[in-house]
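Asker: any chance you can model this:
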Amino acid sequence: MAGLNLEGWAAAESAEEADLIIVNSCGFIESAKQESINAVLAWRKLYPTKKILLAGCLGERYAKELKTELPEADYIMGIGGIKEADSRPELRRLFRSGGAIDKSAAGAALAVGMRPLLSMPGTAYVKISEGCNNNCTYCAIPLIRGSLKSRSIKEIVRECEVLLGRGIRELCLIGQDTATYGADKAALADLAAGAGNAASDGLPALLAALSELKGNFHIRLLYMHPDHFPYEVLSLMEKDKRILPYFDFPFQHASEKILKAMGRKGNAKIYLKLIKDIRNKFKDAVIRSTFLTGFPGESEEDFMQLLDFQEKAKLTWLGCFVYSREEGTLAYNMKARVSKKLANDRKKKIEEAQLRITEAEMDKFVKRSIKNNVLYDVLIEEKIPPKSEEDTVIYLGRLPFQAPEVDSSAVILTEREDTELKLGEIYPCKIFARAGIDIKAALIN
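Answerer: From the prediction side, this is the model:
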């Protein structure tokens, strides 16, 4: 977006008003790839004469094939943005056709932290690294994004500082594996020094630097490989309550046999200890994870171990996915494949069990708030206007244990009818009920 702004483009309010429709694609698993292609086909059907650009991971991974097999897309672009366009005449011409360029506005658009924000009010995603060195056997990310490349602490802190100045109240730190942030630079420093100690610019150092920023805001860590989690993060969370005790660990499985085949080093015992250590430190600790069913060689015994782990771990949030066989990955030619039907049946069992667990975890927050009069911060995201004069205004938001887009919501009721809440701001509230997996809370004036 910032690159397009620089070339004179501006975001349209709707596709009807747009000259160019951009489909930001995913090339990670088969279902996501198909969804991206279907989006291009749907937009082409709706707007036969408009220009369509397929961008992102799918364009990066299958640029050559898509140029001939998806004529509905006028342009194919990977993850390189403006830099990629510089070496491709057709994209260069497209980008330069945006219109008159306001140089001052264009410069501001590219300033650190001044990019257009497409997230919900008050929230911004801050990418701290790109690429991944884990090379899990099922994963195509290294094929698409390359090896780990960490941004400097100085640049990240500057971006967060600017975002906070723009009114952002929740900074979500993201990367393919945020737990290994800085490991690439650490390795280079070790080679240069001839030493075996890691450089001090990993995730703990980054969080320590961010803790120096002033203001009322939250920091949320997402996508941390459990095998690499730095325990120093826990002490930083204890010192600075703005760093939320929200832990997003993609455990993927619990069977040691399957984990080893996936190229992962952990096991159920290690992962359960990690969860226990975290919950011993933080009463409100939240553990989110993902499971993968149907990986080659997954027997009924392996699946039962996964179910057992799920019951013992009592994960707050969990997403479950069926294994997708991806060309170029190490698992692609593995034998003993599991049928899609069986993998989906196992996925369904995981999801049914998780609903009960998540509801119980939400009940804990409700009981704690009521019994101990504990207040929670809520980030207001949306206002629901009343349907009649008798109805009260309802706001939707998120509590510290709810990450954007993937978890449930908080329904906020105000004690006074004339209360007007600002979207993107944080307010204190008291939780009083659960509705499914959503939370009901009352604003404290």
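Asker: now do the contacts for Glu212.
Answerer: The contact partners of Glu212, by C-beta atoms under 8 Å, 6 or more residues apart in numbering, come to Val157. Placement of C-beta: from N, CA and C, glycine included.
Asker: what bits of the stretch 151-300 of the chain have low per-residue confidence?
Answerer: In the predicted model of the stretch 151-300 of the chain, residues 187-201 satisfy pLDDT under 70.
Asker: and the helices in it?
Answerer: Taking DSSP state H, counting those that start in this stretch as the test, the helices found in the stretch 151-300 of the chain are 153-165, 183-193, 203-210, 232-239, 256-261, 268-281, 300-313.
Asker: show me what the shortest one is packed against.
Answerer: Right, the one you point to is helix 256-261. Using 3 or more C-beta pairs under 8 Å, 6 or more residues apart in numbering; DSSP states H and E as the contact criterion, helix 256-261 has no neighbours among helices and strands.
Asker: which residues does that helix contact?
Answerer: Contacts for helix 256-261 (C-beta under 8 Å, 6+ apart): 137, 252-253, 265-268, 295-298, 302, 331, 334.
Asker: please redo it, this time with the cut-off set to 6 Å
Answerer: Residues outside helix 256-261 that contact it (C-beta atoms under 6 Å, 6 or more residues apart in numbering): His253, Asn267, Phe295, Gly297, Glu298, Asp302.
Asker: Ser409 against Ile394, yeah?
Answerer: No. With contact defined as C-beta atoms under 6 Å, Ser409 and Ile394 do not form a contacting pair (10.9 Å).
Asker: just to revisit the earlier point, and which of the contacts of helix 256-261 is nearest Cys26?
Answerer: Of all these, Phe295 has the smallest distance to Cys26: 20.0 Å, by C-beta to C-beta.
Asker: the closest one against Val322, yeah?
Answerer: No. At 9.5 Å, Phe295 and Val322 do not qualify as touching, with contact defined as C-beta under 6 Å.
Asker: settle it for me: which of the two has more neighbours?
Answerer: Higher neighbour count among Phe295 and Val322: Phe295, with 25 against 19, using other C-beta atoms under 10 Å.
Asker: show me what contacts that one?
Answerer: Phe295 is in contact with Ile258, Tyr323, counting by C-beta under 6 Å, 6+ apart.
Asker: now with 10 Å?
Answerer: In this structure, Phe295 makes contact with 137-138, 252-253, 255, 258-259, 261-262, 302, 322-323, 325, 331, 334, 336-338, 343, judged by C-beta atoms under 10 Å, 6 or more residues apart in numbering.
Asker: could you do Lys239 as well?
Answerer: Contacts of Lys239 by C-beta under 10 Å, 6+ apart are Leu207, Ala208, Ser211.
Asker: not counting sequence-adjacent ones, nearest residue to the last one?
Answerer: What it means is Ser211. Asp240 (4.5 Å; C-beta to C-beta, 6 or more residues apart in numbering).
Asker: around the one you found, count how many other residues there are.
Answerer: Neighbours of Asp240 using other C-beta under 10 Å come to 15.
Asker: please report phi then psi for it.
Answerer: phi -120, psi 100 (degrees, to the nearest 10).
Asker: distance of it relative to Glu212?
Answerer: 10 Å (C-beta to C-beta, to the nearest Å).
Asker: just Gly263 next, same as before
Answerer: Gly263 sits at a distance of 37 Å from Glu212 (criterion: C-beta to C-beta).
Asker: please apply the same query to Ile174.
Answerer: With C-beta to C-beta as the criterion, Ile174 and Glu212 are 21 Å apart.
Asker: ok, Glu69 next?
Answerer: Distance from Glu69 to Glu212, by C-beta to C-beta: 51 Å.
Asker: quick one, strands of the stretch 1-150 of the chain?
Answerer: Applying DSSP state E, counting those that start in this stretch to the stretch 1-150 of the chain gives strands spanning 20-25, 51-56, 75-76, 123-127, 129-130, 149-150.
Asker: Gly202 is nearest to which of these?
Answerer: strand 149-150 (8.7 Å).
Asker: so which elements touch the closest one?
Answerer: Applying 3 or more C-beta pairs under 10 Å, 6 or more residues apart in numbering; DSSP states H and E, one finds that strand 149-150 contacts strand 129-130, helix 183-193.
Asker: same for the shortest one, what does it pack against?
Answerer: Applying 3+ C-beta pairs under 10 Å, 6+ apart, we find strand 129-130 packed against strand 149-150, helix 183-193.
Asker: any idea how far that strand is from the chain center?
Answerer: Centre-to-centre, strand 129-130 and its host chain are 13 Å apart (C-alpha atoms, centre = their mean, to the nearest Å).
Asker: buried residues, stretch 299-308. List them.
Answerer: Neighbour counts over stretch 299-308 (16 or more other C-beta atoms under 10 Å) mark Asp302, Phe303, Gln305, Leu306 as buried.
Asker: which ones are touching the closest residue in space to Leu66 that isn't next to it in sequence?
Answerer: The shortest distance from Leu66 to any non-neighbouring residue, by C-beta to C-beta, 6+ apart, is to Ile76 (5.1 Å). Going by C-beta under 10 Å, 6+ apart, Ile76 touches 25, 40, 53-55, 58-60, 62-67, 70, 88, 90-91.
Asker: repeat that with 8 Å
Answerer: Leu53, Leu54, Gly59, Ala63, Leu66, Lys67, Leu70.
Asker: was I right about the residue nearest to Ser211 contacting Leu213?
Answerer: No. Counting by C-beta atoms under 8 Å, Asp240 stays clear of Leu213, with 9.9 Å between them.
Asker: and Leu206, how many neighbours?
Answerer: Counted with other C-beta under 10 Å, Leu206 comes out at 26.
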